[in-house]
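Asker: what follows is a predicted protein model with its sequence.
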Amino acid sequence: MKKKNILITGGAGFIGSHVVRLFVNKYPEYHIFNLDVLSYAGNLENIKDIEKAENYTFLRADLVHENILDDLFHKYNFDAVIHLAAESHVDRSISDPLAFVKTNVIGTMNLMNVCLRYWKDNLSDKLFYHISTDEVYGTLGQDGLFTEEHPYQPNSPYSASKASSDHFVRAYGETYGLPYIISNCSNNYGPNQFPEKLIPLFINNSIHQKPLPVYGDGKYTRDWLYVKDHAAAIDLIFHEAKQKETYNIGGFNEWQNIDLIHLLCEIMDRKLEREKGTTAALITQVKDRPGHDKRYAIDATKINTKLGWKPSVTFEEGLEETVDWYLQNTVWLENIINGEYMAYYKKHYS
């Protein structure tokens with residue numbers, strides 16, 4: 001396999017750290033450069049196990065500073081970009097939408113502008129792989145699935161910013177010839193996820209017997225995918241997919257939030273050796289958030305049939321592994337629950 005310098009953005013975050021680890025360990029002939037601004041959800045402890053690998057370099061930088069990106073491309077001559085860096089939490093986007101525009105839209109455009117400057121003489125041998133979300137498609141009724149041809153209808157500032165970046169990536173491909181691929185993935189869960197998202201938030205609150213805040217009636221449906229399966233899909237798409245294609249990645253695994261929460265409560269009772277129903281008693285209804293999409297569901301037929309990818313674990317298996325990881329890594333969990341996070345938590349969930 002040809003030696004390459006690959007830039008992975010957001011590699012200290014949840015999904016990014018799993019992608020970085022996979023590429024560093026699986027492809028010793030690649031040199032993996034992990035660019036992350038280390039905002040509240042970026043954590044170098046997520047990738048501590050590979051920080052001394054010979055084919056790994058960490059770069060701290062913010063995508064909003066195009067001049068810094070230019071310097072990095074000049075110095076390291078990147079052959080490909082896997083772009084995961086993004087502001088991603090819907091609740092935060094409602095509080096501060098402009099931050100999402102700066103990172104998700106302007107940051108993506110800065111990165112593409114620099115790619116075009118340095119790749120213009122050999123675009124055929126380069127790749128800009130943009131990682132996006134199923135939330136760009138909006139919401140579904142009781143039936144139907146999001147396919148790659150589904151129209152975009154974002155309903156939150158977060159999903160609007162990701163939809164915008166998707167459109168700009170395609171526009172750069174058509175207008176300037178940028179070689180790109182886009183994938184849109186369903187909800188991820190697994191180790192190292194910052195405890196503002198549903199599953200790690202509820203695991204942490206269950207451990208400390210704090211309320212489990214459920215929006216509205218809890219009957220919001222999501223398709224859940226184990227993060228390591230997402231990383232494997234990204235690996236496959238990066239190496240095998242056709243340029244200018246879009247791939248939806250999903251777990252074939254729909255759950256209403258309230259049903260997922262009750263399953264998680266049962267697991268926590270068993271793992272913590274509590275009486276059955278103890279954790280479920282912590283469930284607390286809170287005011288629903290604005291623009292809350294009712295249902296997401298991914299049709300992952302294309303990546304399944306074209307590239308042969310499918311999830312490696314069931315949701316129940318993945319959730320058991322996830323709970324075990326958090327219970328075995330309570331120090332990691334406590335280290336990131338700092339004052340800033342707790343202030344945010346109180347603002348949104350009290």
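Answerer: That came in fine, so what should we check first?
Asker: going forward, measure contacts between C-alpha atoms and count neighbours the same way
Answerer: Noted.
Asker: check contacts around the spatially most central residue of the chain.
Answerer: The centroid of the chain falls nearest to I15 when counting by CA atoms, centre = their mean (4.7 Å). Contact partners of I15, counting by CA atoms under 8 Å, 6 or more residues apart in numbering, are 84, 188, 193, 227, 230-231.
Asker: mind checking pLDDT for it?
Answerer: At I15, the predicted lDDT confidence score is 97.
Asker: ok, it to K302 distance?
Answerer: 22 Å (CA to CA, to the nearest Å).
Asker: can you confirm I131 is in a helix?
Answerer: No. Using DSSP: H, G, I helix; E, B strand; the rest coil, the assignment for I131 is strand, not a helix.
Asker: check contacts around it.
Answerer: 82-84, 182-185.
Asker: now do K244
Answerer: 170, 173, 179-182 are the contacts of K244 under CA under 8 Å, 6+ apart.
Asker: what's the answer for V136, then?
Answerer: 152-155, 159-160, 162-163.
Asker: if we use 7 Å, what do you get?
Answerer: 152-154, 159-160, 162-163 (CA atoms under 7 Å, 6 or more residues apart in numbering).
Asker: what are the phi and psi values for Y76?
Answerer: Dihedral angles of Y76 (phi, psi; degrees, to the nearest 10) stand at phi -110, psi -10.
Asker: from S165, how far off is G177?
Answerer: Relative to S165, and taking CA to CA, G177 is found at 16 Å.
Asker: ok, those two, which is more surrounded?
Answerer: S165 (23 against 15; other CA atoms under 10 Å).
Asker: go ahead and confirm that one touches T108.
Answerer: Yes. Using CA atoms under 7 Å, S165 is in contact with T108, at 6.5 Å.
Asker: low-confidence stretches in the stretch 151-300 of the chain?
Answerer: The stretch 151-300 of the chain contains no residues with pLDDT under 70.
Asker: could you pull out the strands in it for me?
Answerer: 180-185, 187-189, 212-215, 221-226, 246-249, 254-256, 283-286 (DSSP state E, counting those that start in this stretch).
Asker: okay, the fifth one in PDB with CA atoms only?
Answerer: Written as PDB, here are the backbone C-alpha positions of strand 246-249 (Å, rounded to 0.1, in the frame of the first residue of the first chain):
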ATOM      1  CA  THR A 246     -22.700   9.700  -0.800                       C
ATOM      2  CA  TYR A 247     -23.100   6.700   1.600                       C
ATOM      3  CA  ASN A 248     -25.600   6.500   4.400                       C
ATOM      4  CA  ILE A 249     -24.400   4.500   7.400                       C
END
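Asker: sounds good, over and out.
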